[in-house]
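Peer 1: Give me the fold of what follows.
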Amino acid sequence: MGKIILTGDRPTGRLHIGHYVGSLRRRVELQNSGEYDKIFIMIADAQALTDNADNPEKVRQNIIEVALDYLSAGLDPSKSTLFIQSQVSELTELTFFYMNLVTVQRLQRNPTVKQEILMRGFSDNGEDNKAGTPVGFFCYPISQAADITAFKATTVPVGEDQAPMLEQTREIVHKFNTVYGPTLVMPDILLPDNAACMRLPGTDGKAKMSKSLGNCIYLSDSAEEVKAKVRSMYTDPGHLQVSDPGKVEGNTVFTYLDAFCKPEHFDKFASCFVGRKSSFEFHNLDEVKDQYRRGGLGDVMIKNFLNEVLNDTLEPIRQRRKELEQNIPYVYEVLRKGSEVARAAAAETLADVKRSMRINYFDPGVLDALIEEQKAKYTL
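Peer 2: Residues are numbered from 1 along each chain as shown. Got it, this is the predicted structure:
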């Protein structure tokens, strides 16, 4: 069996740079590496509806936004299969079968589920004037297991916050194969290789960049929007004067530089460190950090540098997106064809699952054997 990737995003808004460094950039690299036989990239609209059931138009409109971000960031339909989750009905069947292999108590212990419930303001008991947790949302890890196993994925590139979800998938695979025999492929997680990309904080310094918190820099943001968001970014609150020693650890600007800065940026944007009162010549990020820790390097300089780095990274993506926005029929055709390919692949796995569970009553040869078995049982 070959090496297969399955990954994706919920279409609840445009993708931001947290998505980019956490998974999207890596997906493009893996796609172009030639190491994988198949790559499936899913727009998880069915999962998005689990907590947006009263606003389906939001999900519908954001499918094209996510697809535009995918294509503009470098995902290639000739190398990767881009598809819409709801158009692969086999995933729903697999989810239903897997539900019997997971307890409510196990789902309640899933740290990602607990965090997401808290973040969305759901109540575990439906009290305190809060809405209870939708069953579909609560069963999100089971649905994700269906997505992963349907395509026989060997590798799942995700951010650190999704690690508990993949662990639950592995538990489901183990349980299914133990009960019904070897059927499902055991997937492995692939985390970002840059520690800063594990979980990029929001521009306000909060632990997670989130659309709902309004602390995102989007892939499609204009250069002016990026500049404004960087200018207001959280740094070291104790770095009041330029001469004060500053803290790098926990400083959002430096976390972003860790994620995006490349060696060539120091020659390309050397002017950012030239000021009226002080000038510096840096060759790498470690030198910038050392100077900031000693004092004398102002936040304005490092923010100007980060702004240039981010816009240098995002400009090709923005330009490609503008081109794709003028050819929307092409984008939908990519998704239509990809969904057909994905459904065919998932159908093969569903057939394997039904065969292992012995509920493939009408498969060729199976029905005849069942009839003969029952005839013998009831023949006097």
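Peer 1: drop to CA atoms for contacts and neighbour counts, all remaining ones
Peer 2: OK.
Peer 1: Show me the protein divided up by domain.
Peer 2: Using automatic domain parsing, the domain ranges for the chain come out as 4-200+328-368, 223-324.
Peer 1: any chance of those domains in TSV, plus distance to residue 206, mean pLDDT and mean neighbour count?
Peer 2: Shown next, in TSV, are those (distance: least, C-alpha to C-alpha, whole Å; pLDDT from 0 to 100; neighbours: other C-alpha atoms under 10 Å):
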stretch	distance to residue 206	mean pLDDT	mean neighbour count
domain 4-200+328-368	9	92	18
domain 223-324	9	94	17
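Peer 1: Relative to residue 213, which of the ones you listed is closest?
Peer 2: Among the domains of the chain, domain 4-200+328-368 comes nearest to residue 213, with 9.8 Å by C-alpha to C-alpha.
Peer 1: on that earlier part again, select, out of the domains of the chain, the one closest to residue 211.
Peer 2: So among those, domain 4-200+328-368 is nearest, using C-alpha to C-alpha, at 7.2 Å.
Peer 1: Between the two ends of that closest one, what distance do you get?
Peer 2: Its first and final residues considered, domain 4-200+328-368 spans 36 Å by C-alpha to C-alpha, to the nearest Å.
Peer 1: What of stretch 75-85?
Peer 2: The first and final residues of stretch 75-85 sit 17 Å from each other (C-alpha to C-alpha).
Peer 1: Equivalent analysis for stretch 121-134, please.
Peer 2: End-to-end distance of stretch 121-134 (C-alpha to C-alpha): 12 Å.
Peer 1: Switch the domains of the chain over to JSON lines; also include distance to residue 210.
Peer 2: Shown next, in JSON lines, are the domains of the chain (distance: least, C-alpha to C-alpha, whole Å):
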{"stretch": "domain 4-200+328-368", "distance to residue 210": "9"}
{"stretch": "domain 223-324", "distance to residue 210": "14"}
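Peer 1: Residue 376: which of the ones you listed is closest?
Peer 2: Of the domains of the chain, nearest to residue 376 by C-alpha to C-alpha is domain 4-200+328-368, at 12.4 Å.
Peer 1: what about the strands in the chain?
Peer 2: 4-9, 38-43, 81-84, 155-157, 188-190 (DSSP state E).
Peer 1: Can you add distance to residue 260 and give those strands back as CSV?
Peer 2: As requested, the strands of the chain are exported to CSV (distance: least, C-alpha to C-alpha, whole Å):
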stretch, distance to residue 260
strand 4-9, 21
strand 38-43, 23
strand 81-84, 26
strand 155-157, 19
strand 188-190, 19
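Peer 1: mind checking which of those is nearest residue 346?
Peer 2: Using C-alpha to C-alpha, the nearest of the strands of the chain to residue 346 is strand 38-43, at 11.1 Å.
Peer 1: Which other helices and strands does the closest one contact?
Peer 2: strand 4-9, helix 56-73, strand 81-84 (3 or more C-alpha pairs under 8 Å, 6 or more residues apart in numbering; DSSP states H and E).
Peer 1: so what does the second one touch, helix or strand wise?
Peer 2: Helices and strands in packing contact with helix 56-73 are listed as strand 38-43, helix 45-48, helix 299-325, helix 328-357; criterion 3+ C-alpha pairs under 8 Å, 6+ apart.
Peer 1: hang on, the earlier thing: of all the strands of the chain, which one is nearest residue 335?
Peer 2: Minimum separation from residue 335 across the strands of the chain (C-alpha to C-alpha) falls at strand 81-84, 5.0 Å.
Peer 1: List the contacts of that closest one.
Peer 2: Residues outside strand 81-84 that contact it (C-alpha atoms under 8 Å, 6 or more residues apart in numbering) are 38-45, 334-339, 341-342.
Peer 1: cutoff 10 Å now
Peer 2: Here strand 81-84 makes contact (C-alpha atoms under 10 Å, 6 or more residues apart in numbering) with 6, 8, 11, 38-46, 63, 67, 70-71, 75-76, 332, 334-343.
Peer 1: okay, it in CSV with CA atoms only?
Peer 2: Presented in CSV, the C-alpha positions along strand 81-84 are these (Å, rounded to 0.1, in the frame of the first residue of the first chain):
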residue,chain,number,x,y,z
THR,A,81,-7.6,15.8,-4.7
LEU,A,82,-9.6,18.8,-3.3
PHE,A,83,-13.1,17.8,-2.3
ILE,A,84,-16.2,18.8,-0.3
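Peer 1: tell me how far that strand is from the chain's mean position?
Peer 2: Strand 81-84 sits 14 Å away from the centroid of its parent chain (C-alpha atoms, centre = their mean, to the nearest Å).
Peer 1: Each with direction, which strands does it pair with?
Peer 2: strand 38-43 (parallel) (DSSP bridges).
Peer 1: got the contact list for the strand it pairs with?
Peer 2: Residues from elsewhere that reach strand 38-43 (C-alpha under 10 Å, 6+ apart): 2-11, 27, 30-31, 62-64, 66-67, 70, 75, 77, 79-86, 147-148, 151-153, 155, 335, 338-339, 341-342.
Peer 1: Compute the number of surrounding residues for residue 2.
Peer 2: Here the count is done by other C-alpha atoms under 10 Å, and residue 2 has 10 residues near it.
Peer 1: which residues does it contact?
Peer 2: Contacts of residue 2 (C-alpha under 10 Å, 6+ apart): 35, 36, 37, 38, 152, 153, 154.
Peer 1: Closest to residue 258 out of those residues?
Peer 2: Nearest to residue 258 among the contacts of residue 2: residue 35, at 26.7 Å, using C-alpha to C-alpha.
Peer 1: can you tell me how far that closest one sits from residue 358?
Peer 2: Noted for residue 35: a distance of 35 Å to residue 358, by C-alpha to C-alpha.
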